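S.K.: prediction below, plus the sequence it came from.
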Amino acid sequence: LKAGVGICGDAKKLLADWHVAMKGAVELQGLAVRYGYGEHGTGLKQLGCEILQAPLIRHCRVARTDWAAPELTSAQRTYAAADALVG
(Lines give C-alpha, C1' and ligand atoms only; values in the text may rest on other atoms or scores of the structure.)
Protein backbone atom coordinates (compact mmCIF):
# COMPACT_ATOMS: atom_id res chain seq x y z
CA LEU A 1 0.00 0.00 0.00
CA LYS A 2 1.38 3.40 -0.95
CA ALA A 3 0.06 6.69 0.34
CA GLY A 4 0.96 10.04 -1.12
CA VAL A 5 0.02 13.17 -2.98
CA GLY A 6 -0.43 12.69 -6.72
CA ILE A 7 -0.15 8.95 -6.19
CA CYS A 8 -1.88 8.05 -9.47
CA GLY A 9 0.98 9.65 -11.38
CA ASP A 10 3.47 7.62 -9.34
CA ALA A 11 1.57 4.43 -10.11
CA LYS A 12 1.52 5.16 -13.85
CA LYS A 13 5.26 5.91 -13.86
CA LEU A 14 6.10 2.72 -11.96
CA LEU A 15 4.09 0.70 -14.45
CA ALA A 16 5.53 2.43 -17.52
CA ASP A 17 9.17 2.50 -16.37
CA TRP A 18 9.49 -0.69 -14.34
CA HIS A 19 6.41 -2.80 -15.22
CA VAL A 20 5.41 -2.77 -11.55
CA ALA A 21 1.69 -2.51 -10.86
CA MET A 22 0.66 -1.02 -7.53
CA LYS A 23 -2.01 -3.05 -5.78
CA GLY A 24 -3.18 -0.33 -3.42
CA ALA A 25 -2.82 3.41 -3.10
CA VAL A 26 -4.28 6.15 -0.94
CA GLU A 27 -4.47 9.70 -2.27
CA LEU A 28 -3.81 12.02 0.68
CA GLN A 29 -5.05 15.33 -0.79
CA GLY A 30 -8.74 14.51 -0.57
CA LEU A 31 -8.40 13.01 2.91
CA ALA A 32 -6.51 16.06 4.15
CA VAL A 33 -9.21 18.44 2.92
CA ARG A 34 -11.98 16.21 4.30
CA TYR A 35 -10.44 16.36 7.78
CA GLY A 36 -9.76 20.09 7.73
CA TYR A 37 -6.13 20.21 6.67
CA GLY A 38 -4.61 21.97 3.71
CA GLU A 39 -4.88 25.55 4.92
CA HIS A 40 -1.46 26.26 3.43
CA GLY A 41 -1.87 24.01 0.38
CA THR A 42 -2.38 20.33 -0.30
CA GLY A 43 1.02 19.43 -1.69
CA LEU A 44 3.11 16.85 0.12
CA LYS A 45 5.44 19.50 1.48
CA GLN A 46 2.60 21.61 2.92
CA LEU A 47 0.68 18.65 4.36
CA GLY A 48 3.82 17.22 5.95
CA CYS A 49 4.47 20.50 7.73
CA GLU A 50 0.86 21.00 8.80
CA ILE A 51 -0.08 17.47 9.90
CA LEU A 52 3.21 15.89 10.96
CA GLN A 53 5.21 19.01 11.79
CA ALA A 54 7.84 17.38 9.58
CA PRO A 55 9.28 19.81 7.06
CA LEU A 56 9.99 18.26 3.68
CA ILE A 57 12.90 20.00 2.05
CA ARG A 58 12.86 19.25 -1.66
CA HIS A 59 15.77 20.57 -3.63
CA CYS A 60 15.40 20.46 -7.41
CA ARG A 61 19.10 19.76 -7.73
CA VAL A 62 18.60 16.49 -5.81
CA ALA A 63 15.21 15.60 -7.30
CA ARG A 64 16.59 15.74 -10.82
CA THR A 65 19.64 13.55 -10.24
CA ASP A 66 20.26 10.03 -11.52
CA TRP A 67 17.99 7.84 -9.39
CA ALA A 68 18.90 4.78 -11.46
CA ALA A 69 22.57 5.01 -10.45
CA PRO A 70 24.00 1.84 -8.88
CA GLU A 71 24.55 3.74 -5.62
CA LEU A 72 22.59 6.75 -4.40
CA THR A 73 24.38 9.78 -3.00
CA SER A 74 23.94 10.84 0.62
CA ALA A 75 21.71 13.72 -0.55
CA GLN A 76 19.52 11.32 -2.54
CA ARG A 77 19.15 8.95 0.42
CA THR A 78 18.20 11.84 2.71
CA TYR A 79 15.69 13.13 0.16
CA ALA A 80 14.14 9.67 -0.30
CA ALA A 81 13.88 9.06 3.44
CA ALA A 82 12.15 12.40 4.03
CA ASP A 83 9.78 11.75 1.14
CA ALA A 84 8.93 8.29 2.50
CA LEU A 85 8.33 9.67 6.00
CA VAL A 86 5.96 12.38 4.88
CA GLY A 87 4.09 10.60 2.13
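M.R.: Looks like it arrived, so ask away.
S.K.: rest of the way, CA atoms for contacts and neighbours
M.R.: Will do.
S.K.: which regions of the protein sit below the pLDDT cut-off?
M.R.: 58, 87 (pLDDT under 70).
S.K.: now the most far-flung residue of it relative to its centre: phi and psi?
M.R.: Largest separation from the mean C-alpha position in the chain: residue 70, at 21.6 Å (C-alpha atoms, centre = their mean). Taking degrees, to the nearest 10, you get phi -60, psi -30 for the backbone angles of residue 70.
S.K.: for it, give its distance to residue 77.
M.R.: 13 Å (C-alpha to C-alpha, to the nearest Å).
S.K.: how about residue 50?
M.R.: From residue 50 to residue 77 the distance is 23 Å (C-alpha to C-alpha).
S.K.: repeat that for residue 29.
M.R.: Counting by C-alpha to C-alpha, the gap from residue 29 to residue 77 is 25 Å.
S.K.: quick one: which of the two has more around it?
M.R.: residue 29 (19 against 14; other C-alpha atoms under 10 Å).
S.K.: go ahead and confirm the more buried one touches residue 41.
M.R.: No. Using C-alpha atoms under 8 Å, residue 29 makes no contact with residue 41, being 9.3 Å away.
S.K.: how about stretch 7-26: buried residues?
M.R.: 7, 11, 26 (16 or more other C-alpha atoms under 10 Å).
S.K.: so which of those would you say is closest to residue 66?
M.R.: residue 11 (19.6 Å; C-alpha to C-alpha).
S.K.: got a list of what the residue lying closest to that closest one once chain neighbours are set aside touches?
M.R.: Of all residues not flanking residue 11 in the chain, residue 22 sits nearest, at 6.1 Å (C-alpha to C-alpha, 6 or more residues apart in numbering). Applying C-alpha atoms under 8 Å, 6 or more residues apart in numbering, we find residue 22 in contact with 1-2, 11, 14-15.
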